[in-house]
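>>> Predicted model and sequence below, questions to follow.
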Amino acid sequence: MLKAVFYTLGCRLNQTESAIMAKGLENAGYIIEESGNDADLYIINTCTVTNQSNSKCRKKIRSIQKTSPNSIIAVVGCFSQIASEQILEIGGVHLILGNQEKLNLHEYLPEISTSDQPVVHIGKLSKEPFSIATIGQHLNTTRANLKIQDGCDFICSFCVIPSARGRSRPRQPENIREELKKLEEDGIKEVILTGVNVGTYQFETIDFIKLLDIFEEFDGIKRVRISSIEPTTVGTEIFEWMKNDSKILPYLHLPLQSANNKILAKMRRRYTFEEYLDFINQAKQEVPNICIGSDVIVGFPAEDDTVFGDTFTALSKAPIDYFHVFPYAERKGTTSEKLTPKIDKKEIQRRALVLRELSDQKRQGFIKQNLGNTLKVLFEKVTGENNWQGYSENYIRVTVKSEVNLKNQIRSVLITDVRGDLVFGKLVS
């Protein structure tokens, strides 16, 4: 049997697409392995959000060439879409696919054996609603990412994703239903809605909120988690779904990027900090025990010491439970490339460390608020001696002791102890 190994860089959407590609390879007779130097095929699913992402891709290509010189290397995704020439310059790559082609990876492999040159397919990105031919995913978890949308119409000044992914387009609802049916048959109980800008979903008269009705049709799918969603694309009506015992979990990840309105304007974000704050305050008031995460970019041009200090203070006070911190990375061809003054790289790293420490403190505070609460946990795996782990509805990773196999079960757990990053509980039912 042929063996294939995936290296997935970047976002949750890339993870989703790697699982789809892996299923296509399985159907074509491949065994999917987590790692190893004896695979017949290596697939690098690339990210191009930062220059560091591109560098990771180059290093991975060279590493595979060194350890597995006789293997086929396929490089697919965002970096391929916008910089296939740079990949070709590295040498030793057999197949390069853009985002329009990569989900059909298995269909392009036969071309390699008949060509003495690298096979390259970088098509024009469609603007039309799409479907995914390979139904099902290669999964090793009880939760599954579900791609519902691709592309983005928001041209933020720091972002190259519209160039790599194209404009916003929805997945056809019937195709989503087909995927859900397969995931239900495979025993998946939680799906995580993924895309580039999922809140902009619009297929004919079906917008993002109306799309949520589809999940009520599948009894086996018990939980629906929304991944990162832009603040301006979802209204307060989402709170009704979260608090009325529906499948939509009490969790929102809302990218902020900056707490300073002047910086937000330079970023071409579509809200003020006050508007963002009003929304998350209402979420906290209306949805019991909701977890709110965010993204923050540090070191954007013109973010002087005063602006950074204001951002730190605002994040300290805001009801955000954690945030991912991204050092500003200048990308060629973006509007922000021309903005000044630039911030010293060492200072950017210092600020990033400061905000990550603040995020850790806020995450700990949120977890401790749940001490004594009973949460619903979907168990995924066992570690050590009968230590079962899973995620609660509000995205806390919980460990319980049990001699019973809890994999893929949703159980009520009383939270009893917090030790650093570890949260412990005991089964209630």
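Everything's here; your move.

>>> Wait, a helix at Glu347?
Yes - applying DSSP: H, G, I helix; E, B strand; the rest coil, one finds Glu347 inside a helix.

>>> Identify the residue spatially nearest to it, adjacent ones excluded.
Gly299 (7.0 Å; Cβ to Cβ, 6 or more residues apart in numbering). Using the backbone N, CA and C atoms, a C-beta is placed for each residue, glycine as well.

>>> Return the residues in contact with that neighbour.
Gly299 makes contact with Pro327, Tyr328, Ile343, Lys345, Glu347, Ile348, Arg351, Ala352, according to Cβ atoms under 8 Å, 6 or more residues apart in numbering.

>>> same thing but at 10 Å, please
308, 326-330, 342-345, 347-352 (Cβ atoms under 10 Å, 6 or more residues apart in numbering).

>>> now do Met242
226, 248-252, 283, 286-288, 290, 393-394 are the contacts of Met242 under Cβ under 10 Å, 6+ apart.

>>> same thing but at 6 Å, please
Met242 is in contact with Ile248, Pro250, Val287, counting by Cβ atoms under 6 Å, 6 or more residues apart in numbering.

>>> Was I right to think the second one contacts Lys284?
This points to Pro250. No - in this structure Pro250 lies outside contact range of Lys284 using Cβ atoms under 6 Å: 10.3 Å.

>>> Report pLDDT for Lys102.
For Lys102, the model assigns a pLDDT of 95.

>>> Now the phi/psi pair for Asp421, please.
Here is the backbone geometry of Asp421 (degrees, to the nearest 10): phi -90, psi 0.

>>> Quick one: the helices in the stretch 151-300 of the chain, in order.
For the stretch 151-300 of the chain, the helices defined by DSSP state H, counting those that start in this stretch cover 161-165, 173-185, 208-211, 238-243, 261-267, 273-286.

>>> re earlier: out of the contacts of Gly299, which are buried?
Phe308, Phe326, Pro327, Tyr328, Ala329, Glu330, Ile343, Ile348, Arg351, Ala352 (16 or more other Cβ atoms under 10 Å).

>>> among these, which are in strands?
If you go by DSSP state E, the buried ones among the contacts of Gly299 have Phe326, Pro327 in strands.

>>> who's in contact with the lowest-mean-pLDDT helix or strand in the chain?
Ranked by mean pLDDT, DSSP states H and E, the weakest helix or strand in the chain is helix 51-67, scoring a mean of 89. Helix 51-67 is contacted by residues 7, 9, 37, 42, 44, 46-48, 73, 79, 90, 92, 329 when judged by Cβ under 6 Å, 6+ apart.

>>> Paired strands for the next helix or strand after it, with orientation please.
Remark: after helix 51-67, the chain's next helix or strand is strand 72-77, criterion DSSP states H and E. Neighbouring strands of strand 72-77 in its sheet, by DSSP bridges, are strand 41-46 (parallel), strand 95-97 (parallel).

>>> residues in contact with the helix or strand just after strand 72-77?
Downstream of strand 72-77, the next assigned helix or strand under DSSP H and E is helix 78-90. Identification of contacts with helix 78-90 by Cβ under 6 Å, 6+ apart yields 46-48, 54, 57-58, 61, 75, 93, 96, 98-99, 120, 122, 163-164.

>>> hmm, back to that, dump the C-alpha coordinates for the least confident helix or strand of the chain into CSV.
Taking Å, rounded to 0.1, in the frame of the first residue of the first chain, the C-alpha atoms of helix 51-67 are listed here in CSV:
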residue,chain,number,x,y,z
ASN,A,51,6.8,35.7,5.5
GLN,A,52,7.6,33.2,8.3
SER,A,53,4.8,31.0,7.0
ASN,A,54,6.5,31.0,3.6
SER,A,55,9.9,30.2,5.2
LYS,A,56,8.4,27.2,7.1
CYS,A,57,7.2,25.8,3.7
ARG,A,58,10.7,26.2,2.2
LYS,A,59,12.3,24.5,5.2
LYS,A,60,9.9,21.6,5.1
ILE,A,61,10.5,21.0,1.4
ARG,A,62,14.3,20.9,2.0
SER,A,63,13.8,18.7,5.1
ILE,A,64,11.8,16.1,3.1
GLN,A,65,14.3,16.1,0.3
LYS,A,66,17.1,15.3,2.8
THR,A,67,15.3,12.6,4.7
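
>>> starting at the chain centroid, how far to that helix?
Using Cα atoms, centre = their mean, to the nearest Å, the mean C-alpha position of helix 51-67 is found 21 Å from that of the whole chain.
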